[in-house]
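*Asks:* I'd like to go over a predicted model; first the sequence, then the structure.
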There are 2 protein chains.
Amino acid sequence: VAGRAGYIGTVRVLLTVAYDGSHLAGWQRQAGVATVQEHLETAFAQLFGQHLHVEGAGRTDAGVHALRQRAHVDLPRPWQLPVLLKALNANLPAAVAVRSVREVAADFHARFDAVGKRYAYRFLCGPQRVVVMRQYFHWARCDLDVAAMRAAAAHLVGEHDFASFATNPGYPRKRGTVRRIDHLHVPAKRHRVDVVVQGNGFLYNMVRTIAGVLLEVGAGRRTPADVAAILAARDRRAAGATLAPGGLYLLRVLYRDDAFCREAETSEGARADE
Amino acid sequence: VAGRAGYIGTVRVLLTVAYDGSHLAGWQRQAGVATVQEHLETAFAQLFGQHLHVEGAGRTDAGVHALRQRAHVDLPRPWQLPVLLKALNANLPAAVAVRSVREVAADFHARFDAVGKRYAYRFLCGPQRVVVMRQYFHWARCDLDVAAMRAAAAHLVGEHDFASFATNPGYPRKRGTVRRIDHLHVPAKRHRVDVVVQGNGFLYNMVRTIAGVLLEVGAGRRTPADVAAILAARDRRAAGATLAPGGLYLLRVLYRDDAFCREAETSEGARADE
């Protein structure tokens, strides 16, 4: 173990984390508010008696949910991982759970080694506003034209400059605004319509802006061809509203070795509500 | 209109109400806490400039959700019902919505005329605790034996003394503890198992106690035959725990004239998330 660790005695572990964002101020630690990173770091501090930095694969905003967020931590000493998993969960609030923990190489990095992410944006359709579970779905006031949404989505797949879909196109400046969307599906069943998107990276608010444009297409206010024009405009003003965070779910973070995700983990099993 | 009203000029209307119980202290008005009845009465007071009593078909506890609760109100003067519907919803918080409003006879009573109710209790099954939407499902830690649950449920259908299933069997004393369950189904799909029960009335906590016993059967800790014995015991100590309120949904209130429920209503349409 020591040979693979950052320095003798440390062990780097990768966490898979689920959280309900409804009453959390997002991932990143901030003074005075409850965040996922802070809850995790507090749980580690309770177990190890010292601050351990939890490095997430990426941030999520307040209100956004995650089924399989990833983060790495350097443990100052080895622990039995099944014991660590139970101990962490015993020290976390109901809104946050660690689903699995596994040892990784000392140079593995949850964020830098991520090669992609998959998100879902979820709609409930109907003339009446959503009441029960309203923090988990975006209300679409009419039935959506799913075929049109899928035709529009096809324009976004591939490598493009997504400046029109970033709330703050200058962020992060160093990486520019070109990203690759590997797939963008629109599964639908009865009153539920989801937008599921996987790509090599996402600009700030990009998924919620794509979902907003596809909602407009589904509602007949824009055409699929309009989406190609919005993309070509490279101007945030061309796209529509950024939808509310409650409909957004980080489904999973992808790493280069795809087998990595399926590899045996110290896990309590697959989530029931995925 | 006046001829059917309680006194000249009043109009009795029946409301269909949906609410998310997560952050509400139940139906009934209580000092210092947010309840559904209070939110509705506040909305009416804002529209009519006076207190109007909202009489519910029944109470629900803190944390319990409702898709189609019913309540009646006497309006001091006629209103265009579609306008009233919009105005009420504009004055209600996001956790409460009036789905429809219709005029009824002056002697119609939302509670006394109810001949039955239908509830659902919802489980999510799996080894990991529910995080996202945890206030809407009860976590069952293992896969449930749905066939055994259905066999157990069959013992409860019909007219029985449900004293074993009432947290406070003395309440309401005047009606005793005999009730009739018309049907009790256990629909299941993947990780979701629901208990859907319809009857002519329910004792305090009866649905949550039935759901708790069926959960024990599904988990293999009790047999279907045990449920017959629990029923025969007429002793609350024979049954198991009363499950948490978040898994419980009041689906609908039934009235004698079944067509009544299907009759054209001043409504915004069927709920998307039923």
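*Replies:* That came through, no problem. Numbers count the residues shown, from 1 in each chain, chains lettered A, B, ... in the order given.
*Asks:* Would you mind naming what in the stretch 101-250 of chain A lies close to chain B?
*Replies:* A:124-134, A:136-137, A:139, A:191, A:249 (CB under 8 Å from any CB of the partner chain). All C-beta atoms are positioned from the backbone trio N, CA, C, and that covers glycine.
*Asks:* Inside strands: which ones of those residues?
*Replies:* A:124, A:125, A:139, A:249 (DSSP state E).
*Asks:* contacting residues around the first one?
*Replies:* Contact criterion CB atoms under 8 Å, 6 or more residues apart in numbering or on different chains gives A:130, A:133, A:137, A:138, A:139, A:140, A:191, A:192, B:272, B:273 as the residues in contact with residue A:124.
*Asks:* pretty sure the third one is in contact with residue A:247, am I right?
*Replies:* What it means is residue A:137. Yes. Contact criterion CB atoms under 8 Å: residue A:137 and residue A:247 qualify, at 5.7 Å.
*Asks:* Considering the contacts of residue A:124, which member attains the minimum pLDDT?
*Replies:* By pLDDT, residue B:272 ranks lowest within the contacts of residue A:124, coming in at 33.
*Asks:* From residue A:152, how far out is residue A:223?
*Replies:* 8 Å (CB to CB, to the nearest Å).
*Asks:* Neighbour count: the two, which is higher?
*Replies:* residue A:152 (26 against 14; other CB atoms under 10 Å in any protein chain shown).
*Asks:* can I assume that one sits in a strand?
*Replies:* No. Using DSSP: H, G, I helix; E, B strand; the rest coil, the secondary structure at residue A:152 is helix, not a strand.
*Asks:* Just to check, it is in contact with residue A:217?
*Replies:* Yes. Using CB under 8 Å, residue A:152 makes contact with residue A:217 at a distance of 4.3 Å.
*Asks:* Now do the shared contacts for the two.
*Replies:* In contact with both residue A:152 and residue A:217: A:223, A:224, A:226, A:227, using CB under 8 Å, 6+ apart.
*Asks:* can you give me the strands for the stretch 101-250 of chain A?
*Replies:* Using DSSP state E, counting those that start in this stretch, the strands of the stretch 101-250 of chain A run over A:114-125, A:138-140, A:158-161, A:178-185, A:188-189, A:192-199, A:248-255.
*Asks:* remind me which residues of the stretch 1-150 of chain A are low pLDDT?
*Replies:* A:1-9 (pLDDT under 70).
*Asks:* what about the residue of it found nearest chain B, how many residues close to it?
*Replies:* Chain B sits closest to residue A:126 of the stretch 1-150 of chain A, with a gap of 3.1 Å, by CB to the nearest CB. Residues near residue A:126, counting by other CB under 10 Å, number 21.
*Asks:* That one and residue A:191 touch, don't they?
*Replies:* Yes. Residue A:126 lies in contact with residue A:191 (CB under 8 Å); the separation is 5.6 Å.
*Asks:* Can you show me the helices along chain A?
*Replies:* A:36-48, A:81-90, A:146-154, A:206-218, A:224-233, A:258-262 (DSSP state H).
*Asks:* Overlap of the contact sets of residue A:223 and residue A:152?
*Replies:* In contact with both residue A:223 and residue A:152: residue A:217, using CB under 8 Å, 6+ apart.
*Asks:* separation between residue A:164 and residue A:145?
*Replies:* 22 Å.
*Asks:* Between these two, which is the more surrounded one?
*Replies:* The residue with more neighbours, out of residue A:164 and residue A:145, is residue A:164; 25 against 16, by other CB under 10 Å.
*Asks:* Can you give me the separation between that one and residue A:177?
*Replies:* Residue A:164 is 9 Å from residue A:177, by CB to CB.
*Asks:* so what sits against both of those two?
*Replies:* Shared contacts of residue A:164 and residue A:177, defined by CB under 8 Å, 6+ apart, comprise residue A:234.
*Asks:* Tell me what residue A:102 is bridged to.
*Replies:* residue A:14 (DSSP bridges).
*Asks:* That one contacts residue A:13, doesn't it?
*Replies:* Yes. Under the contact definition of CB under 8 Å, residue A:102 touches residue A:13, with a separation of 6.6 Å.
*Asks:* Spit out the residues that contact those two alike.
*Replies:* residue A:81.
*Asks:* out of these two, which sits in the more crowded spot?
*Replies:* residue A:13 (22 against 16).
*Asks:* hmm, back to that, from the residues of the stretch 101-250 of chain A next to chain B, list the buried ones, please.
*Replies:* Using 16 or more other CB atoms under 10 Å in any protein chain shown as the burial test, these include A:124-126, A:128-134, A:136-137, A:139, A:191, A:249 as buried.
*Asks:* wait, which of these is closest to residue A:114?
*Replies:* Nearest to residue A:114 among these: residue A:249, at 16.8 Å, using CB to CB.
*Asks:* contacts for stretch A:224-238?
*Replies:* Stretch A:224-238 has contacts (CB under 8 Å, 6+ apart) with A:148, A:151-156, A:160-167, A:169, A:177, A:209, A:213-214, A:217, A:239.
*Asks:* before we move on, what about stretch A:21-29?
*Replies:* Contacts for stretch A:21-29 (CB under 8 Å, 6+ apart): A:33-38, A:41, A:56, A:58-66, A:69, A:95-96, A:135-136, A:245-246.
*Asks:* From the chain's centroid, how far away is stretch A:104-124?
*Replies:* Distance of stretch A:104-124 from its chain centroid, counting by CA atoms, centre = their mean, to the nearest Å, is 7 Å.
*Asks:* Equivalent analysis for stretch A:49-66, please.
*Replies:* Offset of stretch A:49-66 from its chain centre (CA atoms, centre = their mean): 11 Å.
*Asks:* coming back round to it: could you turn the buried ones of the shared contacts of residue A:152 and residue A:217 into a PyMOL selection?
*Replies:* Those of these that count as buried under 16+ other CB under 10 Å are selected in PyMOL with:
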select buried, chain A and resi 224+226+227
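*Asks:* Mind putting the shared contacts of residue A:152 and residue A:217 into JSON lines with distance to residue B:107 and pLDDT?
*Replies:* Below are these laid out as JSON lines (distance: CB to CB, whole Å; pLDDT from 0 to 100):
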{"residue": "A:223", "distance to residue B:107": "55", "pLDDT": "97"}
{"residue": "A:224", "distance to residue B:107": "57", "pLDDT": "97"}
{"residue": "A:226", "distance to residue B:107": "57", "pLDDT": "96"}
{"residue": "A:227", "distance to residue B:107": "57", "pLDDT": "96"}
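*Asks:* Just the closest of the shared contacts of residue A:152 and residue A:217 to residue A:49, please.
*Replies:* residue A:227 (53.3 Å).
*Asks:* Spit out the residues that contact residue A:137 and residue A:247 alike.
*Replies:* A:122, A:123.
*Asks:* Sort out which of the contacts of stretch A:21-29 are buried, if you could.
*Replies:* A:34-38, A:41, A:56, A:58-66, A:69, A:95-96, A:135-136, A:245-246.
*Asks:* who's in contact with the residue nearest to residue A:143 when sequence neighbours are not counted?
*Replies:* Counting by CB to CB, 6 or more residues apart in numbering or on different chains, residue A:143 lies nearest to residue A:125, which is 5.4 Å off, once chain neighbours are set aside. By CB under 8 Å, 6+ apart, residue A:125 lies in contact with A:140, A:141, A:142, A:143, A:144, A:191, A:192, A:193, B:272.
*Asks:* Any idea what residue A:125 is bridged to?
*Replies:* residue A:140.
*Asks:* contacting residues for the residue lying closest to residue A:46 once chain neighbours are set aside?
*Replies:* Leaving out its chain neighbours, the residue that sits closest to residue A:46 by CB to CB, 6+ apart is residue A:91, at 5.0 Å. Going by CB under 8 Å, 6+ apart, residue A:91 touches A:42, A:43, A:46, A:47.
*Asks:* Report how many residues lie close to the third one.
*Replies:* Right, the one you point to is residue A:46. So residue A:46, with other CB under 10 Å, has 13 neighbours.
*Asks:* next one: residue A:103
*Replies:* 17.
*Asks:* Check the one 5 residues further on too.
*Replies:* Each residue near residue A:108 was counted by other CB under 10 Å, and the total is 16.
*Asks:* Surely it and residue A:70 touch.
*Replies:* No. Contact between residue A:108 and residue A:70 fails when scored by CB under 8 Å: they sit 10.4 Å apart.
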